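Asker: next comes the sequence, and after it the predicted model I'd like to discuss.
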Amino acid sequence: MRQIYLDFNATTPIAPAVAEAMRKAIDGPFGNPSSDHWAGHAAKEALDRARSQIATFVRCDPAEVVLTSGCTEANNLALKGIVFARGTSAHIITTAVEHPSILNVCRFLERLGTAVTYLRVDRFGRVDPDEVRRAVTRSTVLISVMAANNEVGTTQPIAEIGRVAAELDGVVFHSDAAQAAGKIPTNVDDLGVSLLSIAGHKFYAPKGTGALYVRGGTALDSLLHGASHEMGRRAGTESVVLAAALGAACELAQAEPWGDRARLLRDHFWSSLHDAFGDRVTLNGHPTERLPNTLNVSFAGCSGSAILRAMPEVAASCGSACHSGDETPSPVLTAMGVPPSLALGAIRFSLGRTTTAEEIDFAVQRLRDVVPWV
C-alpha cells in the first residue's frame with residue numbers, strides 16, 4: 001500500500017542533519033555538563049553550542065533559553081512558574097482555542113484559586129487584541145496566547161497583543177509557538193513576548209526536545225526542584241544529545257526556510273479540492289493569516305474520521321473525537337462557531353518539507369474515490 005504522510009503538524013521525521021548532530025553528540029563528550037573537569041567541560045561546550053543555536057533561532061541571549069522535554073513542559077513551566085512566583089490568587093488571560101497543554105494547566109491552576117479568562121475567537125479562530133486589553137484586571141499576571149493554532153493553522157496577532165502587554169505593569173506575555181516555530185518567524189522581540197515555548201518534534205527534531213525562552217528579569221518558579229541546572233529554572237542533568245538535536249533543527253529552519261514552497265502546495269491542494277467538490281467543501285481557519293503548511297477543510301454532511309478510515313494510504317488528522325461510536329466536534333471548531341454538521345466533517349492536512357505536488361494530487365484523487373456524495 002502506498003503511504004502519503006500529510007500530518008506534519010502532529011509530528012515530523014528527524015531531519016538527516018539533525019540525526020547527524022545526534023550521532024556526533026552520542027559519540028562525543030559523555031561527561032556531566034556540570035562537572036568541573038575535562039569530561040564535563042567538553043560536554044558543557046557542546047551544550048552551550050546547542051543553546052546558542054536555539055537562541056539565534058528565536059533571537060535572544062543564550063542565557064534566556066531553558067531546555068525542556070518539549071512544549072508541554074515548557075507551557076507548564078511558563079504558566080505555573082509565573083503563578084507560583086506571584087501567588088495562586090492571581091489572574092490569567094488565555095483563549096478558548098489553546099492547546100490542551102495550556103487549557104489543562106489553566107484548569108489545574110483554577111483549582112488552586114487562580115482566576116482564568118478564556119477569550120472568545122472570531123469565526124476564523126482569531127482573538128481581538130482589544131478583547132485582551134478589556135480582560136485585564138488588577139490581579140492579572142499573565143497573558144498566554146498561542147502563536148498559531150494546531151488544528152486550523154490560524155495565526156494570532158501576537159505582536160499586537162505584545163504591544164498591549166507592554167503597556168501593562170507587571171503582566172507577563174507568553175506564547176505557545178509549538179506550531180509556529182520553523183514555519184513562520186519567531187523573533188521574540190518582534191513578537192513582544194517575555195516567554196515563548198517551542199517543540200522540537202514539530203520541526204524535524206526528535207520527540208522529547210523543547211525549550212522555553214524566558215526574558216531576562218522575569219521571575220519564574222521552577223517546577224522541578226533539585227540542583228541548579230538551567231540557571232536554576234529546571235533541575236536535572238541536561239541531555240547533550242537532545243540539546244544538540246534541537247540546536248541542529250533550529251539551525252536547519254533558519255538555513256533552509258520552506259514556507260513559500262509550502263504555501264504554494266497548500267494553495268494548490270485547496271484549489272484542487274474546490275474544483276473537485278465545489279461548495280460542499282469549506283475552509284476552516286483564516287483565509288490568509290494562517291500557517292503556510294496547514295489546510296483544514298470540512299466535507300459537508302460527512303464524517304471526517306470515516307473518510308480517513310476509507311483511505312488508509314493517507315495519514316492526516318480529524319478534529320473530532322470518537323468515543324464508543326459517538327463523535328463530538330473539535331472544541332477549536334466549536335469555539336469558532338463552525339456548525340456541528342461541518343465540524344464533524346473536518347480533516348486537517350498539514351504539509352512538510354518532503355511533501356510533493358504529486359502526493360497532494362494522489363490525496364485529492366483518493367478523496368474523490370471515498371467521499372460519499374461524489
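Answerer: Nice, thanks for sending it over. Numbering: from 1, shown residues only.
Asker: ok, Arg290 - contacts?
Answerer: Arg290 makes contact with Ala148, Asn149, Val152, Gly153, Thr154, Thr155, according to CB atoms under 8 Å, 6 or more residues apart in numbering. Glycine gets a C-beta too; all of them are placed from N, C-alpha and C.
Asker: bridging residues for it?
Answerer: Here Arg290 sits in beta bridges with Thr154, going by DSSP bridges.
Asker: with Thr95 instead?
Answerer: Going by DSSP bridges, Thr95 forms beta bridges with Leu119.
Asker: that one contacts Val145, correct?
Answerer: Yes - counting by CB atoms under 8 Å, Thr95 touches Val145, with 5.7 Å between them.
Asker: who touches both of those two?
Answerer: Counting by CB under 8 Å, 6+ apart, the contacts common to Thr95 and Val145 are Val127, Gln156.
Asker: all strands of the stretch 101-250 of the chain, in order?
Answerer: For the stretch 101-250 of the chain, the strands defined by DSSP state E, counting those that start in this stretch occupy 115-119, 140-144, 172-176, 195-199, 210-214.
Asker: quick check: buried residues in stretch 146-162?
Answerer: 146-158, 160-162 (16 or more other CB atoms under 10 Å).
Asker: max pairwise distance over those residues: which two?
Answerer: Largest separation among these by CB to CB: Glu151 and Gly162, giving 23.4 Å.
Asker: circling back: out of the contacts of Arg290, which comes closest to Ala310?
Answerer: Nearest member of these to Ala310, counting by CB to CB, is Val152, at 22.9 Å.
Asker: isn't Val214 right next to Leu195, touching?
Answerer: Yes - under the criterion of CB under 8 Å, Val214 makes contact with Leu195 at 6.0 Å.
Asker: give me the common contacts of these two.
Answerer: Shared contacts of Val214 and Leu195, defined by CB under 8 Å, 6+ apart, comprise Leu220.
Asker: measure stretch 169-180 end to end?
Answerer: Between the opening and closing residues of stretch 169-180 there is a gap of 27 Å (CA to CA, to the nearest Å).
Asker: what's the answer for stretch 190-199, then?
Answerer: By CA to CA, the extent of stretch 190-199 from end to end equals 20 Å.
Asker: the closest residue to Lys202 other than its chain neighbours: neighbour count?
Answerer: Closest residue to Lys202 apart from its sequence neighbours, by CB to CB, 6 or more residues apart in numbering: Ala178 at 5.5 Å. Residues within reach of Ala178, counting by other CB atoms under 10 Å, total 27.
Asker: what's the following helix or strand after the lengthiest helix in the chain?
Answerer: In the chain, with assignment by DSSP state H, the single longest helix is helix 38-58. Using DSSP states H and E, the helix or strand that follows helix 38-58 in sequence is strand 65-68.
Asker: residues touching that following strand, excluding its own?
Answerer: Against strand 65-68 from outside (CB under 8 Å, 6+ apart): 51, 54-55, 58, 74, 77, 197, 210-214, 230-231, 233-234, 238, 242-243, 246.
Asker: buried only: go through those residues for me.
Answerer: Buried among the contacts of strand 65-68 (16+ other CB under 10 Å): 51, 54-55, 58, 74, 77, 197, 210-214, 230, 233-234, 238, 242-243, 246.
Asker: one step back: what sits against the residue nearest to Lys202?
Answerer: Listed by CB under 8 Å, 6+ apart, the contact partners of Ala178 are Cys71, His99, Met146, Asn150, Ser197, Ile198, Ala199, Lys202.
Asker: and Ser271, by the same measure?
Answerer: Applying CB under 8 Å, 6+ apart, no residues qualify as near Ser271.
Asker: just to be sure, it is in a helix?
Answerer: Yes - checked against DSSP: H, G, I helix; E, B strand; the rest coil, Ser271 lies within a helix.
Asker: what pLDDT is listed against it?
Answerer: Ser271 carries a pLDDT value of 98.
Asker: tell me the spacing between it and Ser175.
Answerer: Here Ser271 is placed at a distance of 31 Å from Ser175 (CB to CB, to the nearest Å).
Asker: ok, Leu6 next?
Answerer: Taking CB to CB as the measure, Leu6 falls 26 Å from Ser175.
Asker: one more: Pro29?
Answerer: Counting by CB to CB, the gap from Pro29 to Ser175 is 34 Å.
Asker: which one's more surrounded, these two?
Answerer: More neighbours surround Ser175 than the other of Pro29 and Ser175, with 28 against 18 (other CB under 10 Å).
Asker: on that earlier part again, ok, of the buried residues of stretch 146-162, which one's closest to Ala63?
Answerer: Gly162 (21.3 Å).
Asker: now that closest one: closest residue in space that isn't a chain neighbour?
Answerer: Spatially, and ignoring its direct neighbours in sequence, Gly162 is nearest to Gly192 (2.0 Å; CB to CB, 6+ apart).
Asker: how about that neighbour, what does it touch?
Answerer: If you count contacts by CB under 8 Å, 6+ apart, then Gly192 has Ile158, Ala159, Ile161, Gly162, Arg163, Ala165, Ala166, Phe173 around it.
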